[in-house]
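Enquirer: Sequence and predicted model, in that order:
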Amino acid sequence: MAEWSDTAVETIEKVVVGIRDKAVVPAERASRMIVFGLFVTILALTAFTLLLVGLHRVLGIPLPVWAAWIVEGILLSLLGYVVWRQRSRFAQADADA
């Protein structure tokens, strides 16, 4: 009688562990990736904003304020151009695939 109950418990445990491995573990991984991705994105945006404020303050020392704005605008435009060029490459790679 004890062997039958042990077999039943082992079978139930295998089924539960199998379901957990197929459903719960991927959901945990996905939720962790989403949370950590949002956290890193928020940190990166904050760091970028503080970098821009610091750059403006540093440029405001030797230059007039309007010139500091122009320099920042040129730098951000160049950054946008580089990102836009990368987008074109990714779009081309997706179209080829």
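Expert: The structure has been received and is ready for your questions.

Enquirer: Which of the helices or strands spans D6?
Expert: helix 2-19 (DSSP states H and E).

Enquirer: immediately after that helix, which helix or strand?
Expert: helix 25-59.

Enquirer: Can you list the buried residues in that following helix?
Expert: L59 (16 or more other C-beta atoms under 10 Å). Where C-beta positions appear, they are placed from N, C-alpha and C, glycine not excepted.

Enquirer: Distance from it to the middle of the chain?
Expert: Offset of helix 25-59 from its chain centre (C-alpha atoms, centre = their mean, to the nearest Å): 8 Å.

Enquirer: What average pLDDT does the helix or strand following it get?
Expert: Sequence order places helix 65-96 as the next helix or strand after helix 25-59, per DSSP H and E. Throughout helix 65-96, pLDDT has a mean value of 87.

Enquirer: measure the residue positioned nearest the centre of the chain to L45 for me?
Expert: Taking C-alpha atoms, centre = their mean, the centroid of the chain lies closest to G37, which sits 3.5 Å from it. According to C-beta to C-beta, to the nearest Å, G37 and L45 sit 13 Å apart.

Enquirer: Check what pLDDT the residue nearest to the centre of the chain gets.
Expert: Confidence for G37, expressed as pLDDT, is 97.

Enquirer: same check, this time on I42
Expert: 98.

Enquirer: Show me this structure divided up by domain.
Expert: 1-59, 64-97 (automatic domain parsing).
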